[in-house]
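# With the input below, show me the fold.
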Amino acid sequence: MQGTVDGFSYGVVTPLVGYVMACLGGALGLRCTTRAMLVARSWRPAWLALGAAAIGSGIWTMHFVAMMGFSVKGTPIHYDKSITFASLGLAIVMVGVGIFIVGYRGATGTALFTGGTVTGLGIASMHYLGMAGLRLNGTLEYNTATVVASVLIGVVAATSALWAAGQIRGFLWSVGASLVMGLAVSGMHYTGMAAMSVHLHNTGGTPPGESPAALLAPMLIGPLAFLCLAAVVVMFDPMMIIGRPDRLRVEHKPGVPADEVTHHPSRRPQLRIGRQ
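Numbering: from 1, shown residues only. Prediction:
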């Protein structure tokens with residue numbers, strides 16, 4: 001028997017909140033990626049790791065906020081705790097691989113394509129691994145074509161966002177990119193949900209695992225707290241707003257006379273001919 005799937009049990013509340021979380025994680029992660037391209041190599045891994053954690057936490061939070069509004073008529077829904085945690089770790093690791101590729105190779109050409117593909121696959125893998133953690137009295141089935149479409153949405157969104165991060169054009173540029181990324185991540189999620197159907201079993205009883213209220217609500221506190229902490233780090237770093245490198249050219253540093261650093265060996269000195 002086919003189960004009636006409802007992804008909007010709370011109306012537009014869960015999609016809207018999930019979208020905001022995806023945008024927040026995307027904005028913080030993209031700004032950290034931009035910052036990593038402006039600092040010395042010794043600081044670059046830290047900024048890239050923070051960006052990967054922010055984006056991974058944002059898309060994971062978006063997914064499970066949206067899942068709070070998911071229900072199937074005729075069966076309760078529970079979650080496997082270990083798989084749910086694993087989906088968060090997978091998102092951070094795969095997004096991190098893509099971000100590190102772009103952070104060290106640049107947001108152009110093969111590096112951008114590779115980093116965007118890995119990041120997009122990380123978003124899609126997080127989604128479907130999280131769905132594998134569902135426990136209900138039924139079997140999940142997926143439409144292959146729609147699943148492929150959802151993965152392509154994730155890859156295109158990630159590639160576009162990483163390209164925008166590599167432009168280093170300031171805060172508003174990253175905000176616009178994060179809004180697009182949040183929309184694409186939400187679109188990938190609901191496209192993946194549209195690919196799913198549930199075949200209910202005749203057996204009754206309570207499925208194993210924990211209920212959404214008992215598992216998801218407490219688990220969401222951790223990523224939300226991390227996103228708030230990352231936002232504080234970004235807000236107190238002025239370079240994150242202006243998008244300029246923190247290393248000034250030598251001739252513009254205070255205390256260094258300009259005539260001591262502006263040498264032009266290729267130019268011949270002009271001789272002043274005077275009367276003896």
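
# Gly74 reaches Thr4, doesn't it?
Yes: with contact defined as Cβ atoms under 8 Å, Gly74 counts as touching Thr4 (7.3 Å). From N, CA and C alone the C-beta is placed, and that goes for glycine too.

# neighbour-wise, which of these two wins?
Remark: of Gly74 and Thr4, Gly74 carries more neighbours, 16 against 10, as counted by other Cβ atoms under 10 Å.

# Quick one: residues contacting the more buried one.
Contact criterion Cβ atoms under 8 Å, 6 or more residues apart in numbering gives Met1, Gly3, Thr4, Asn137, Leu200 as the residues in contact with Gly74.

# residues of stretch 71-86 that come out buried?
Within stretch 71-86, the residues that qualify as buried by neighbour count (16 or more other Cβ atoms under 10 Å) are Ser71, Val72, Gly74, Thr75, Ile77, His78, Tyr79, Asp80, Ile83, Thr84, Ala86.

# What of stretch 41-60?
Using 16+ other Cβ under 10 Å as the burial criterion, the residues of stretch 41-60 that qualify are 44, 47-60.

# tell me which of the contacts of Gly74 is nearest to Ile123?
Taking Cβ to Cβ as the measure, Gly3 is the one of the contacts of Gly74 closest to Ile123, at 26.3 Å.

# Help me confirm that that closest one comes into contact with Thr75.
Yes: counting by Cβ under 8 Å, Gly3 touches Thr75, with 6.5 Å between them.

# Can you check which residues contact both of those two?
Residues within reach of Gly3 and of Thr75 at once, by Cβ under 8 Å, 6+ apart, are Gly138, Val198, Leu200.

# quick one: which of those residues is nearest Thr206?
Proximity of the shared contacts of Gly3 and Thr75 to Thr206 was ranked by Cβ to Cβ; the top entry is Gly138 with 13.2 Å.

# can you tell me how far His63 sits from Ala111?
In this structure, His63 and Ala111 are separated by 27 Å, where distance is defined by Cβ to Cβ, to the nearest Å.

# Looking at these two now, which is surrounded by more residues?
More neighbours surround His63 than the other of His63 and Ala111, with 27 against 18 (other Cβ under 10 Å).

# Dump the strand or helix carrying the more buried one to CSV, restricted to CA.
The secondary structure element spanning His63 is helix 44-67 (assigned by DSSP states H and E). Once side chains and other backbone atoms are set aside, the C-alpha atoms of helix 44-67 remain, and they are given as CSV (Å, rounded to 0.1, in the frame of the first residue of the first chain):
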residue,chain,number,x,y,z
ARG,A,44,44.4,29.5,5.0
PRO,A,45,43.6,26.0,6.3
ALA,A,46,41.9,27.4,9.4
TRP,A,47,39.6,29.7,7.4
LEU,A,48,38.8,27.0,4.9
ALA,A,49,38.0,24.5,7.6
LEU,A,50,35.7,27.1,9.3
GLY,A,51,34.0,27.7,5.9
ALA,A,52,33.5,24.0,5.3
ALA,A,53,32.0,23.5,8.8
ALA,A,54,29.7,26.5,8.3
ILE,A,55,28.4,25.3,4.9
GLY,A,56,28.1,21.7,6.1
SER,A,57,26.2,22.7,9.2
GLY,A,58,24.0,25.1,7.3
ILE,A,59,22.8,22.5,4.7
TRP,A,60,22.5,19.8,7.4
THR,A,61,20.4,22.1,9.6
MET,A,62,18.3,23.1,6.6
HIS,A,63,17.6,19.4,5.8
PHE,A,64,16.5,18.4,9.2
VAL,A,65,14.5,21.6,9.9
ALA,A,66,12.6,20.7,6.7
MET,A,67,12.2,17.1,7.9
